[in-house]
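> Here's a sequence, model it:
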Amino acid sequence: MNEEMKNDLLSNLAKLHTTELGIARIKRNLGLDSDDVVAWCRQQIENADSIIRQGKNWYAYINNAKITVNAHSYTIITAHITKDN
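Sure, this is the predicted structure:
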């Protein structure tokens, strides 16, 4: 992935948002106890090990987690613990 594409997500972090269901899903999948899931995800994406654009989504890999963000609306769709790290 080129730096310009990666910077597209990073330069639009202020646009990140999610739904109530998204908040519940992310908290459940990652075992988070954070009151502000969007702020937590934003911070993780800023410090991501890698950010990949595949089709309509961005995938940010941080430590042992993967955060999925829609590339057009900047909606955080979900996050999962990854097994390969």
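
> Low-confidence bits of this structure, can you list those?
By pLDDT under 70, the weakly predicted segments of the chain are 1-6, 84-85.

> Quickly find the element holding the residue minimising distance to the centre of the chain.
Taking Cα atoms, centre = their mean, the centroid of the chain lies closest to residue 67, which sits 3.3 Å from it. Using DSSP states H and E, residue 67 maps to strand 65-70.

> In terms of secondary structure, what does that strand contact?
helix 37-46, strand 57-62, strand 76-81 (3 or more Cβ pairs under 8 Å, 6 or more residues apart in numbering; DSSP states H and E). Using the backbone N, CA and C atoms, a C-beta is placed for each residue, glycine as well.

> a markdown table please, covering these and showing distance to residue 16.
Shown next, in a markdown table, are the helices and strands packed on strand 65-70 (distance: least, Cβ to Cβ, whole Å):
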| stretch | distance to residue 16 |
| --- | --- |
| helix 37-46 | 5 |
| strand 57-62 | 10 |
| strand 76-81 | 6 |
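
> coming back round to it: the residue nearest to the centre of the chain touches residue 76, doesn't it?
Yes - using Cβ atoms under 8 Å, residue 67 is in contact with residue 76, at 6.5 Å.
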